[in-house]
Each structure stands twice: as C-alpha cells, then as structure tokens.
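S.K.: 3D, please:
(one chain, ligands or ions: 1)
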Amino acid sequence: MKTMTCKQLGGACDLEFNANTFEEIAEMSKKHGMEMFQKVDEPHLRAMNEMQELMKSPDSMNEWFENKRKVFDALPEN
Ligand SMILES: [Zn+2]
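M.R.: Residues are numbered from 1 along each chain as shown. Below is the predicted model:
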C-alpha cells in the first residue's frame, strides 16, 4: 500500500488515502472531492475549480495525471 494526501492529489486538506495502484488512489481522492463539493467546503471548491481549468486542455490534464502517477510510483510501500 502507498499513501498520498488530498493535497498531493490536487486537493486541499491533509486527509490520507491508501491504495495499491494510482488508479485506485485517484478514484478515492475524486470521491472525497465530490463529498467536499457537496459540503461546499471552500478550499476544496477552489482546488476543484483549478482542476476544471486544467481539464479544458487534455494535454495539461494528461501531464498532471502522469506527474501524480510518478509521485505515486516513487513513494515507498508502507
Ligand atoms: Zn481533502
């Protein structure tokens, strides 16, 4: 298992996610983001706006995704 925080995944808090694959952890952070969105949590709303800007360009979205994947791959197993 590897651990990444909400912040490391483009979010806004220090909540930790644990997963074996990057796809899994990305999914967890997405789900958490949705929950925070529903709670109208201001820092997460801001983070999500930035993500949406990024998503307008598939290239920068892919680049962002690959960068996060590299961070995940470089993490030690825990
Ligand atoms: Zn968060």
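S.K.: Tell me, please, where in the protein the pLDDT is lower than the cut-off.
M.R.: For the chain, no stretch is flagged by pLDDT under 70.
S.K.: What residues does it have near the ion?
M.R.: 6, 11, 13, 15 (Cβ under 5 Å from the ion). Heads up, the C-betas are built off the backbone N, CA and C, glycines and all.
S.K.: mind listing what the spatially most central residue of the chain touches?
M.R.: Taking Cα atoms, centre = their mean, the centroid of the chain lies closest to residue 9, which sits 2.7 Å from it. Contact analysis of residue 9 by Cβ atoms under 8 Å, 6 or more residues apart in numbering lists 17, 25, 26, 29, 68.
S.K.: How are the strands of this protein distributed by residue range?
M.R.: 2-5, 16-19 (DSSP state E).
S.K.: Highest mean neighbour count out of these?
M.R.: strand 2-5 (a mean of 17; mean count of other Cβ atoms under 10 Å).
S.K.: That one packs against which elements?
M.R.: Helices and strands touching strand 2-5, by 3 or more Cβ pairs under 8 Å, 6 or more residues apart in numbering; DSSP states H and E, are strand 16-19, helix 22-38, helix 58-74.
S.K.: so how far is the second one off the chain centroid?
M.R.: Taking the mean C-alpha point of helix 22-38 and that of its whole chain, the gap between them comes to 7 Å (Cα atoms, centre = their mean, to the nearest Å).
S.K.: orientation of it relative to helix 58-74 in degrees?
M.R.: Helix 22-38 and helix 58-74 are oriented at 120 degrees to each other (axes from the mean of the first three to the mean of the last three Cα atoms, to 10 degrees).
S.K.: Flag every buried residue along helix 22-38.
M.R.: Along helix 22-38, these residues count as buried under the neighbour rule (16 or more other Cβ atoms under 10 Å): 22, 25, 26, 28, 29, 32, 33, 36.
S.K.: Which residues does it contact?
M.R.: So helix 22-38 is in contact with 2, 4, 6, 9-13, 15, 17-19, 44-45, 47-48, 65, 68-69, 72-73, going by Cβ under 8 Å, 6+ apart.
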